[in-house]
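Peer 1: Please work out how this folds:
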Amino acid sequence: MRTSPGSPGPAKRKRKAAQGERPSTIREVAAKAGVSVATVSRALAGNYPVSAETKARVMAAVESLHYVVNVHAKALSGGVAGPVALVIKDITGPSLAHVAAGVEQEATARGRLSLVCATHDDVDREDDLVQLMREQHAAAVVLVGGAVQDEEYHRRMTGYATALDAAGSRLVLVGRPPLRAGVPATVVDYDNSGGAFQATSHLLTAGHRRILHLSGEPGLSSAEERRAGYQNALRAHAVSYEEELDIAGPYTRTSGYVRTRAALHADLEFTAVFAGSDMVALGALAALREAGLDVPRDVSVVGFDDVPFATDLTPTLTTVRVPYEELGRTAVRLALDHEERLLGDDHVVLSTQLVVRQSVQAPRVS
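Peer 2: Residues are numbered from 1 along each chain as shown. Purely as a prediction, here's the structure:
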């Protein structure tokens, strides 16, 4: 195909685009197509009748000028569905990755883009990300992970919820404490206390009486709920709670290893371990193996989460299954449908389930 001397050829147009020249405007598209700006907007939006011939001219002009639609402007006018933003502490954690998968699946099914942002446990970064998502007109902002339920938490979350609601967005708290009545937010939680009760009861039913509890960090909502389940199970089986057997720490492999090793070096007597997470259980298993103890012959171990590697351990890990993907899907579903539901239907608690495998047996008789 020949081009006129005064017009740039395809190769030159590509070079101009690659060199980052000023992007074309909708007025330039309208001028090239010989139509009004309003007609270009209607042709691109597809929500107003435009003749096939006119639309073809508009699309040809868009192609030749490499015009890119201003998505932010379309969001302001309601012409495009806002994205769903997931804000989490760490994108590498196995349980949080499954929440992200659930969010992405439900968002995709509803024709929404999903965005994943990590705070790295930085409160200021969380503030900035929520504000950014508000400015980007996100349909929902999903915050995931346990939190300390104090006045500062309620103040910050209430501020998030109010600001997002004013912008037509929705705050969803997943695995976080609920807010006070009247705050425009959705809460999707899971039964931490019930799951911990099942795990501890399983060990008690097997005959264990001295159970080392590698709990989460003090004040953390999930940790406190799991500790309550542990204590309730002891009470239900008429077994005294002993503070020395309840050792708090982060939900990490290293922490599980260090705490178990310290308990062994202190000659703390226990025949079973209830770990606050599967990562903690992984560390506990390493410390027990290092000490020459067999699981479950010498010490039984139960985890919490049921992450994929739980079935690959030796022995396979008995643990509490948390429906992480369903948490993500439910968060998106409730956020996008909240206007169609009655008030009071914005706090959902999903059930947890004990998964029995090979890491528990009756204690050895001395």
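Peer 1: Need phi/psi at residue 115.
Peer 2: Per-residue torsions, residue 115: phi -120, psi 140 (degrees, to the nearest 10).
Peer 1: Please renumber the chain so that the first residue is 52 from this point on.
Peer 2: Done: numbering now begins at 52, and the last item shifts to residue 166.
Peer 1: got the residue ranges for the helices in the stretch 152-301 of the chain?
Peer 2: 174-186, 202-217, 243-256, 272-287 (DSSP state H, counting those that start in this stretch).
Peer 1: For the third one, buried residues please.
Peer 2: If I follow you right, that is helix 243-256. Using 16 or more other C-beta atoms under 10 Å as the test for burial, helix 243-256 gives 243-255. C-betas here are computed from N, CA, C, even on glycine.
Peer 1: Could you do the shortest one as well?
Peer 2: Burial within helix 174-186, assessed by neighbour count using 16+ other C-beta under 10 Å, is assigned to 177, 180, 181, 184, 185.
Peer 1: Among these, which one lies nearest to residue 377?
Peer 2: The closest of the buried residues of helix 174-186 to residue 377 turns out to be residue 184 (C-beta to C-beta; 23.0 Å).
Peer 1: Just the pLDDT for the residue nearest to that closest one when sequence neighbours are not counted.
Peer 2: Take residue 184 and drop its neighbours on the chain: the residue closest to it by C-beta to C-beta, 6 or more residues apart in numbering is residue 136, 4.3 Å away. Per-residue pLDDT puts residue 136 at 94.
Peer 1: Please spell out the segments of the stretch 302-417 of the chain that come in under the pLDDT threshold.
Peer 2: 390-396, 417 (pLDDT under 70).
Peer 1: just the strands in it please.
Peer 2: 323-326, 351-353, 370-372, 398-401, 404-406 (DSSP state E, counting those that start in this stretch).
Peer 1: Could you list every helix and strand in contact with the second one?
Peer 2: For strand 351-353, the helices and strands in contact under the criterion 3 or more C-beta pairs under 8 Å, 6 or more residues apart in numbering; DSSP states H and E are helix 243-256, strand 323-326, helix 329-341.
Peer 1: Kindly reformat the strands of the stretch 302-417 of the chain as CSV containing distance to residue 266 and mean neighbour count.
Peer 2: Rendered in CSV, the data for those read as follows (distance: least, C-beta to C-beta, whole Å; neighbours: other C-beta atoms under 10 Å):
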stretch, distance to residue 266, mean neighbour count
strand 323-326, 9, 29
strand 351-353, 13, 28
strand 370-372, 14, 24
strand 398-401, 21, 14
strand 404-406, 18, 17
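Peer 1: would CSV of those strands with distance to residue 363 be doable?
Peer 2: Below are the strands of the stretch 302-417 of the chain laid out as CSV (distance: least, C-beta to C-beta, whole Å):
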stretch, distance to residue 363
strand 323-326, 16
strand 351-353, 15
strand 370-372, 13
strand 398-401, 25
strand 404-406, 14
